[in-house]
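> Give me the fold of what follows.
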Amino acid sequence: MQIDKGDLMTRRLLFPIVLSFVCSIACGDVSPGDTPGTSPGASRTAASAQTAGDEPQLEWTRQIEAGANARIRTVGADGNVYVGGLLGGGGVLPGFPDVGRGPDAFIRAYDADGNELWSDAFALRQLEFVDAILVDATGVYAVGEAGFASAMQGARAGLFIRKYTHDGTVLWTEEFAFADQRVTDPSDAVIDDTGIYVSGSTGSPFAPGRQTLPFDAFVIKFDLDGNLVWSSRFGDPDVDDEATGIAINDDGLSVSGWTDGALSGQSNLGARDAFVAHFDTDGTRVWLDQFGSTANDLATDVAVTAGRVHVSGWTDGALSGQSNLGDRDAFVRTYGADGAEQWTTQFGTPIADTADAIAAGMSDIYVALQAGPTLGGEDPATGQRTYIRKYTAGGAESWTFLFGDAPLSFGAAVAVDGDAIYAAQFSVIAKLVERVDDGDGDDGGDEPCAIIEGDVVINSASDADAIGNSDGCVEIGGSLFVQNTDDVTDLRFLSGLRSVGGFVGVADNANLRSLAGLDELESIGEGLVVEGNPSLVALDNLGSLETVDGVIHIFGNPSLQQIDLPALVSAGELLIAGNDALLMVSAAQLVSIDMRLLIENNDLLHTVDLSSLAGVGSVRVRFNPALDNVIAPNLSL
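Sure, this is the predicted structure:
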């Protein structure tokens, strides 16, 4: 059935074609000034694409004793904070013997105030280190590798899981190795209430008189007693592959890594490629994306927020749609739950830059970086530094924090626990806490927003470039229109936008893939219209939108699969129609619609979640042939 647009009251708006605002209002400095420094916490460095955000303040730092020669490889937090890694070069922790066979593994626990709670140093074979620390209601788990110092010995190296009580008493240690390989090397681990999931690689490197086998990536599940449940090995059989990170949420397991070849159903783009794979919790792969440049590329870590997968890494070239800034560049990339890329940012300095680790808060993400000093506005002659950088879920940089001024032989680590951010490098662990800063020096109150009185109209990428990312929050008094573009793929140039007094209209944009950039938009006055965007896959970047006083019209977007408005409480009218690929509509917090609710002519739509909707003028849900799951207990449909 054809849509009667007159009946839907969705006649096309006559969008203005003049950019009627003064960009300098939106682009002016509204963030606090920089304070230069070279030690952890001495500077919070403002960057060029920064949105309003809470300022990170250094609360404390702790250093493992000098005699331990500690190298921290991982940090975990769950009320307390834990660091783990190895003790190299004959290093020992106070109170623990030097076994003398090689580097020992260690774990240390601190409380949230930085007080040491307990430590453990141990040796299982000749070389041990901790790669991940997990916490549940029953205890603390250290996951790592135990093996021999040289693969030339042809000896076996495997992974271990060691469980402690919350006060540091060892309960048990279990080891595992693939029977047909000489090395089983873990990289990361996560936990849920059914078990422990470990990522890594397994293979048989060169040893005299023995066969050399390439490394494969793996994901393994153990139960909470350390017993094997299942394992999944994957990769190009002729070359090396490695899984570098793993994350878990209700949707399953996300795994980052790299391959020197081509994974199943994928193509190699040149040299080493990065990949992200998603599995269900039974080990069945759901989707996979291999990506990169013509040079070497590597995904170092992965984190998840609601409906999104975030990956960090580095490239020696230029990723699709990006530019190389000199030498090796860092990157961060985000996918939707369906595996569709939402945004990618590649960044760096003239020297080598890498994004080593990534951690997720409620919606924002935090990246541990090794980068040239010009990334943070430091003296170019001072060499590589370690930074922590925060991004919104939509890809806007919030802040960049200088953490350390020494280059690392291995990556920095980062973990998030509520409003606390824990960063680690070498033998130092630091706690950062985000504070609201309104620019008056008292750390109190929200930062004032810049005001744009007129309409904002985007007809091309050059219009978007003229706006740039605002250095603070922004309110538009008039309307916002993004229309008839061929070269706009997302809305990240609008990051920091909090409210629009008039309409928000997004229509006829040939290559717009997401509304990333509207993540902080809280209210719209006259209405939201999303129409005729053939490449738009998901409308899931409006997680802060609470009120739309006028209409919400979403129609005629042929590739749109998901509409998610998790914070929306009230709207004047909600009309969703003629979206041929739409599968799901969710507005679970929506309480009232002043006029009418109309959902029709969405051929594949099968789920509508309006759990809280209690008041609406009129309801019509019709001509959706696949619709079999309507969650609306307060309505008569």
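> which strands and helices sit next to the top helix by length along the chain?
Longest helix in the chain by number of residues (criterion: DSSP state H): helix 461-467. Under the contact criterion of 3 or more C-beta pairs under 8 Å, 6 or more residues apart in numbering; DSSP states H and E, helix 461-467 touches helix 23-27, strand 456-458. Using the backbone N, CA and C atoms, a C-beta is placed for each residue, glycine as well.
> what's the helix or strand for Leu574?
Assigned by DSSP states H and E, Leu574 belongs to strand 570-577.
> For that strand, list every residue counted as buried.
Ala571, Gly572, Glu573, Leu574, Leu575, Ile576, Ala577 (16 or more other C-beta atoms under 10 Å).
> Quick check: the two most widely separated of those residues?
The distance between the two most remote of those (C-beta to C-beta) is 16.6 Å, for Gly572 and Ala577.
> mind putting the buried residues of strand 570-577 in a markdown table, pLDDT included?
What follows is the buried residues of strand 570-577, written out as a markdown table (pLDDT from 0 to 100):
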| residue | pLDDT |
| --- | --- |
| Ala571 | 92 |
| Gly572 | 90 |
| Glu573 | 94 |
| Leu574 | 96 |
| Leu575 | 97 |
| Ile576 | 97 |
| Ala577 | 96 |
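> and these as CSV, adding distance to Gly550?
CSV is the format used below for the buried residues of strand 570-577 (distance: C-beta to C-beta, whole Å):
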residue, distance to Gly550
Ala571, 8
Gly572, 5
Glu573, 7
Leu574, 11
Leu575, 12
Ile576, 15
Ala577, 17
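> Can you tell me which of the residues you listed is closest to Ser256?
Closest to Ser256, out of all of those and judged by C-beta to C-beta, is Ile576, at 34.7 Å.
> so the closest one bridges to which residues?
Beta bridges link Ile576 to Ile554, Ile599 when assigned by DSSP bridges.
> same check, this time on Leu87
Residues in beta-bridge contact with Leu87 (DSSP bridges): Ala70, Asp104.
> you'd agree it is up against Ile72?
No - taking contacts as C-beta atoms under 8 Å, Leu87 lies outside contact range of Ile72: 10.7 Å.
> first to last residue in stretch 111-120, what's the distance?
Distance across stretch 111-120, first residue to last, is 16 Å (C-alpha to C-alpha, to the nearest Å).
> any idea how far stretch 375-388 is from the chain center?
23 Å (C-alpha atoms, centre = their mean, to the nearest Å).
> Buried residues, it. List them.
For stretch 375-388, by 16+ other C-beta under 10 Å, it's Leu375, Gly376, Glu378, Gln384, Arg385, Thr386, Tyr387, Ile388.
> Was I right to think the second one contacts Thr386?
No - under the contact definition of C-beta under 8 Å, Gly376 does not touch Thr386, with a separation of 10.2 Å.
> where do the contact lists of the two overlap?
Among the neighbours of Gly376, those also in contact with Thr386 (C-beta atoms under 8 Å, 6 or more residues apart in numbering) are Leu402.
> right, and the helix or strand after the longest helix of the chain?
Taking DSSP H and E, what comes next after helix 461-467 is strand 474-476.
> Could you list every helix and strand in contact with that next one?
strand 450-452, strand 497-500.
> how about 10 Å then?
With contacts taken as 3 or more C-beta pairs under 10 Å, 6 or more residues apart in numbering; DSSP states H and E, strand 474-476 sits against helix 23-27, strand 450-452, strand 497-500.
> Lowest average pLDDT across these?
Comparing mean pLDDT over the helices and strands packed on strand 474-476, the weakest stretch is helix 23-27, at a mean of 29.
> Mind listing what's buried along whatever helix or strand Gly257 lives in?
Assigned by DSSP H and E, Gly257 belongs to strand 252-259. Within strand 252-259, the residues that qualify as buried are Gly252, Leu253, Ser254, Val255, Ser256, Gly257, Trp258, Thr259, counting by 16+ other C-beta under 10 Å.
> Likewise for stretch 588-600?
Those would be Gln589, Leu590, Val591, Ile593, Met595, Arg596, Leu597, Leu598, Ile599, Glu600, for stretch 588-600 by 16+ other C-beta under 10 Å.
> what does stretch 286-296 give?
Buried residues in stretch 286-296 (16+ other C-beta under 10 Å): Trp287, Leu288, Asp289, Gln290, Phe291, Gly292, Ser293, Asn296.
> give the contact list for Pro633.
By C-beta atoms under 10 Å, 6 or more residues apart in numbering, Pro633 lies in contact with Leu610, Ser611, Ser612, Leu613, Ala614.
> Tell me the one of these nearest Phe178?
Out of the contacts of Pro633, the member with the shortest distance to Phe178 (by C-beta to C-beta) is Ser611, at 45.8 Å.
> tally of neighbours for the closest one?
Residues lying near Ser611 (other C-beta atoms under 10 Å) number 13.
> how much space between it and Pro566?
11 Å (C-beta to C-beta, to the nearest Å).
> Now do the shared contacts for these two.
Ser586, Ala587, Ala588, Gln589, Leu590.
> Distance to Gly67 for these - can I get that in JSON lines?
Shown next, in JSON lines, are the shared contacts of Ser611 and Pro566 (distance: C-beta to C-beta, whole Å):
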{"residue": "Ser586", "distance to Gly67": "55"}
{"residue": "Ala587", "distance to Gly67": "59"}
{"residue": "Ala588", "distance to Gly67": "55"}
{"residue": "Gln589", "distance to Gly67": "55"}
{"residue": "Leu590", "distance to Gly67": "60"}
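> Which ones among the residues you listed map onto strands?
Ser586 (DSSP state E).
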